[in-house]
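J.: Quick check, what structure comes out for this input:
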Amino acid sequence: SVGDPHVTIFPRSATKPFQALAMVRAGLSLPADQLALVCASHSGQAIHQEMVLSILAGVGLDESALLNTPGFCVHVPSAHDSIRTGRGKTALQMDCSGKHAGMLATCVINGWSTNDYLHEDHPLQIAITETIAEVTGAPPVAISTDGCGAPAHMIELHRLARAMRSLANGDAGSDGRMIFEAMEKYPHLVAGDDRHATAISAAIPGLAAKDGAESIYVAAMSDGRAVALK
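T.: Numbering: from 1, shown residues only. The predicted model follows:
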């Protein structure tokens with residue numbers, strides 16, 4: 001380690017694979033490419049937006065069901081296209097819309113309400129908090145609200161690496177391993193063009209990586225090696 005591995009941080013979007021694990025355990029069943037997008041902070045390119053809409057359509061919903069914060073695409077050319085066409089910021093373009101589509105699909109599958117699925121006491125969010133505590137090895141230090149509107153969990157930095165390792169080596173069970181393999185197989189859906197998480201996963205066989213706002217990175221390999229950076 002360098003610095004303080006026990007520092008408490010909000011991993012932000014780096015926790016999306018563990019949020020996805022809770023969804024899968026609650027009955028979410030998607031093909032690997034769509035599952036990778038649920039773990040994503042996608043760039044908002046056409047393939048990302050189309051897949052979000054496909055996840056929603058699979059449970060009878062559309063873009064209007066998304067409650068995440070509206071935004072422009074991270075992918076600058078795509079954002080410029082939206083501006084030129086007068087589209088403006090939308091929840092679909094925002095980089096967390098894949099996760100939110102997965103959350104909504106999980107709610108529909110379980111008969112849970114979809115108009116308050118971002119509330120900390122919603123059954124989905126309770127399941128996510130419990131799953132994060134399991135894979136990190138400790139309850140979150142605190143829970144706040146992320147930029148997309150979903151709960152954000154504060155944990156120690158070294159526990160972020162532990163959690164990603166649990167997906168990679170099977171400690172989190174077959175569902176965790178399935179999520180890891182989806183991210184490894186579809187790195188372009190986890191982020192996008194010119195993104196570090198996509199580039200490193202595409203370049204190194206057996207590795208999956210995830211980034212988060214405020215300079216967070218986590219990655220692991222199937223043999224159990226893992227790293228978390230702040």
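J.: so who does the residue nearest to Gly147 when sequence neighbours are not counted touch?
T.: Counting by C-beta to C-beta, 6 or more residues apart in numbering, Gly147 lies nearest to Thr69, which is 6.2 Å off, once chain neighbours are set aside. Just so you know, the C-beta spots here come from the backbone N, C-alpha and C atoms, and that holds for glycine as well. Contact analysis of Thr69 by C-beta atoms under 8 Å, 6 or more residues apart in numbering lists 91, 94, 96, 147-149.
J.: Same question for Gly192.
T.: Here Gly192 is in contact with 42-45, 48, 74-75, 198 (C-beta under 8 Å, 6+ apart).
J.: Return the distance of it relative to Leu160.
T.: Counting by C-beta to C-beta, to the nearest Å, the gap from Gly192 to Leu160 is 22 Å.
J.: so what secondary structure elements neighbour the strand or helix carrying Gln34?
T.: Here Gln34 sits within helix 32-38, counting by DSSP states H and E. Secondary-structure packing of helix 32-38 (3 or more C-beta pairs under 8 Å, 6 or more residues apart in numbering; DSSP states H and E): helix 16-25, helix 46-57, helix 97-110, helix 173-185, helix 187-190.
J.: Out of those, flag the one nearest Met221.
T.: Across the helices and strands packed on helix 32-38, Met221 has its closest neighbour in helix 173-185 (9.1 Å, C-beta to C-beta).
J.: quick one: buried residues of the closest one?
T.: Across helix 173-185, burial judged by 16 or more other C-beta atoms under 10 Å covers 175-184.
J.: for stretch 160-172, same thing?
T.: So stretch 160-172, judged by 16+ other C-beta under 10 Å, has buried residues 160-169, 172.
J.: neighbours of the closest residue to Ile200 other than its chain neighbours, just the number please.
T.: In space, and not counting its chain neighbours, Ile200 is closest to Ala209: 5.1 Å by C-beta to C-beta, 6+ apart. Neighbour count of Ala209, defined by other C-beta atoms under 10 Å: 26.
J.: didn't Ala209 look like it was pressed against Ala203?
T.: No. The criterion here is C-beta atoms under 8 Å, and Ala209 misses it with Ala203 at 10.1 Å.
J.: how deep is Ala79 tucked in, by neighbour count?
T.: With other C-beta under 10 Å as criterion, Ala79 counts 18.
J.: if I read this right, it contacts Cys73, doesn't it?
T.: Yes. Counting by C-beta under 8 Å, Cys73 is a contact partner of Ala79 at 4.3 Å.
J.: Now for those two: what residues contact both?
T.: Shared contacts of Ala79 and Cys73, counting by C-beta under 8 Å, 6+ apart, come down to 44, 93.
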